[in-house]
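>>> Fold the following and give me the result.
(chains A and B, ligands or ions: 2)
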Amino acid sequence: MTTITITSGKGGTGKTTMAANLALSLKKLGKRVLVVDGDLNMANLTLLFDLQNSPITLEDALNGEAKIRDVIYSSYDIDVVPATIELREYDLSTLREQISKLREMYDFIVIDSAAGADETTLAAIKASDDVILVLEPTKASLADAIKMKRISERDGKRVLGFVMNKIRDRKYELGEKDASIALDLPLLVSIPFSENIAETFSFRQRAPLLVRMPRSREASYFKKLAEKISGEKFEEKKENFLQRFLKRLFKF
Amino acid sequence: MLPEGKLEMEEVGIGLKKFLEKALPGLTGYVAFSYMSREGAKDLILISDKGVIKAAFLENLGKKQRTFGERVFKKTKDIKKGVAQKVSLSREKVGLFLALHEEAKTKPRKLKDLEVLGIFEEEKKEIKKEKKTEEKKPLERRDILRMLGFKD
Ligand SMILES: Nc1ncnc2c1ncn2[C@@H]1O[C@H](COP(=O)(O)OP(=O)(O)OP(=O)(O)O)[C@@H](O)[C@H]1O
Ligand SMILES: [Mg+2]
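Numbering: from 1, shown residues only, chains lettered A, B, ... in the order given. Ligands and ions are numbered 1, 2, ... in the order given. Reported below is the predicted structural model:
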């Protein structure tokens, strides 16, 4: 059982997108997965899973007003702990303990964290075993990621590597190689800037990419990361037309 | 170096060389291309100043004038070796050239932008070499950290 926090320092790099789609990919691999909205003040993951109307949320569990098991909801066929959309006080000191209560129930707990390095982010890192950094190809993102790596390692966490997101293949962009050298971390996966991913947060409710387009090229990036993390492979289910035809013909 | 205002196409009639000298004193090089269109032979002339395309224009030249033009640009000393060459142009390229022609009147273009057209074979190679040396220089960890302001 592993708890993984997705963090970046810099805002808007794609942490929430990654947390959601990585969790869904791990689920598709047959794992027992929970995804937690650890960005308590700006609960975007909660919106992504359409759980903004949940009667009780992570804050209730943190404040001792509800059991953590009771704030687990199912959305798009995966377990999610949402946070509240309203502004609320909450006791962060209990986050690690609350999450640890769920350890036996899951193979993977993925925690989405807030941008920056304030107490909410730090608590999300403290609550995890491992950390994944999400970068976009800019200098600022790299500087922030270096700091998050240091913070995580200081807390005794294993930083698994980094993801380079929103790549547009421009000459001026920060390259994965330079980022890898500077961070002294392996590149886990590169994800191009894609309209299909951007569409996720459109105003009308859109399911996460892995739900909407599970066989898309974009989905394959998240699946690849899930394979790396779990050490397991997705079954190659690609059948050609003839195979499908024969299968239907003989009904086997 | 470029004269103000539009280049008058009619002036081509006075002879390509003369026209170019008149329109662009101090010219460092130009390239001319000929291709056949439905209306007959056409020439595209790109005027470059130290590798930067300063102007492009397209002219309908009669057969006589076209050969005259070719003769002229072969003779012109200012032309860099290998730059002037005849190419047969595809429809797409012609379209691109026409757009370029319109744009070049107001906006000087970098040679680089023309790379895709496969025109400036020699310069193209040079640009590619530059790019490669640029890319093939991996930074050291310490250097990157310093660049970002980290002390260690
Ligand atoms: N590869 C991508 N291509 C295009 N758009 C993307 C990509 N990844 C993320 N986005 C978009 O970028 C925006 C920010 O993404 P996301 O909310 O996942 O980032 P974040 O790091 O969680 O942000 P915050 O720091 O605010 O929590 C969203 O609109 C998302 O749809
Ligand atoms: Mg987020």
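
>>> check contacts around the closest residue in space to residue A:208 that isn't next to it in sequence.
Among residues not flanking residue A:208 along the chain, residue A:20 sits closest, at 4.4 Å (CB to CB, 6 or more residues apart in numbering or on different chains). The C-beta positions use only the backbone N, C-alpha and C, and glycine is treated the same way. Each residue near residue A:20 by CB atoms under 8 Å, 6 or more residues apart in numbering or on different chains is listed here: A:35, A:45, A:48-49, A:112, A:208, A:210.

>>> Okay, and which of these map to strands?
A:35, A:112 (DSSP state E).

>>> and the two most separated of the contacts of residue A:20?
A:112 and A:210 (14.7 Å; CB to CB).

>>> And those two? Which one has more around it.
residue A:112 (27 against 24; other CB atoms under 10 Å in any protein chain shown).

>>> so that one touches residue A:36, yeah?
Yes. Assessed by CB atoms under 8 Å, residue A:112 is found in contact with residue A:36 at 6.9 Å.

>>> For chain A, what's the nearest residue on chain B?
residue B:144 (4.0 Å; CB to the nearest CB).

>>> which stretches of the stretch 101-250 of chain A form helices?
Under the criterion DSSP state H, counting those that start in this stretch, the stretch 101-250 of chain A contains helices at A:119-126, A:139-154, A:176-183, A:195-198, A:209-212, A:217-230, A:241-250.

>>> how about the contacts of residue A:20 in a markdown table, adding pLDDT?
Shown next, in a markdown table, are the contacts of residue A:20 (pLDDT from 0 to 100):
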| residue | pLDDT |
| --- | --- |
| A:35 | 98 |
| A:45 | 97 |
| A:48 | 95 |
| A:49 | 96 |
| A:112 | 98 |
| A:208 | 95 |
| A:210 | 96 |
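
>>> Name the member of the contacts of residue A:20 with the most neighbours.
residue A:35 (31 neighbours).

>>> ok, back up a step: tell me if the residue nearest to residue A:208 really is in a helix.
Yes. Counting by DSSP: H, G, I helix; E, B strand; the rest coil, residue A:20 is found in a helix.

>>> Confirm that residue A:59 sits in a helix.
Yes. Under three-state DSSP, residue A:59 sits within a helix.

>>> Pick out the residue of chain A closest to ligand 2.
Distances between chain A and ligand 2 by CB to the ion are smallest at residue A:16, namely 3.3 Å.

>>> now chain B
Closest point on chain B to ligand 2, by CB to the ion, is residue B:148, at 23.3 Å.

>>> distance of that residue from residue A:140?
Remark: distance between residue B:148 and residue A:140 (CB to CB, to the nearest Å) = 9 Å.

>>> try residue A:196
Note on residue A:196: its distance to residue A:140, by CB to CB, is 25 Å.

>>> what do you get for residue A:67?
Relative to residue A:140, and taking CB to CB, residue A:67 is found at 40 Å.

>>> Quick one: low-confidence residue ranges for chain B.
Chain B contains residues with pLDDT under 70 at B:1-137.

>>> And for chain A?
By pLDDT under 70, the weakly predicted segments of chain A are A:205, A:237-252.

>>> Swap in 90 and give it another go.
For chain A, residues meeting the criterion pLDDT under 90 lie at A:169-172, A:195, A:199-206, A:217, A:235-252.

>>> Give me the sheet partners of the biggest strand by length in it and which way each runs.
Longest strand of chain A, by residue count under DSSP E: strand A:158-167. Within its sheet, strand A:158-167 is paired with strand A:130-135 (parallel), strand A:187-192 (parallel), according to DSSP bridges.

>>> now check the last one, is it near ligand 1?
Just to be clear, that refers to strand A:187-192. Yes. Strand A:187-192 reaches ligand 1 (CB under 6 Å from any ligand atom) through residue A:191.

>>> OK, contacts around residue A:208?
Contacts of residue A:208 (CB under 8 Å, 6+ apart): A:17, A:20-21, A:24, A:48-49, A:76, A:200.

>>> Repeat the analysis, applying 7 Å as the threshold.
With contacts defined as CB atoms under 7 Å, 6 or more residues apart in numbering or on different chains, residue A:208 is in contact with A:20-21, A:24, A:48, A:76, A:200.
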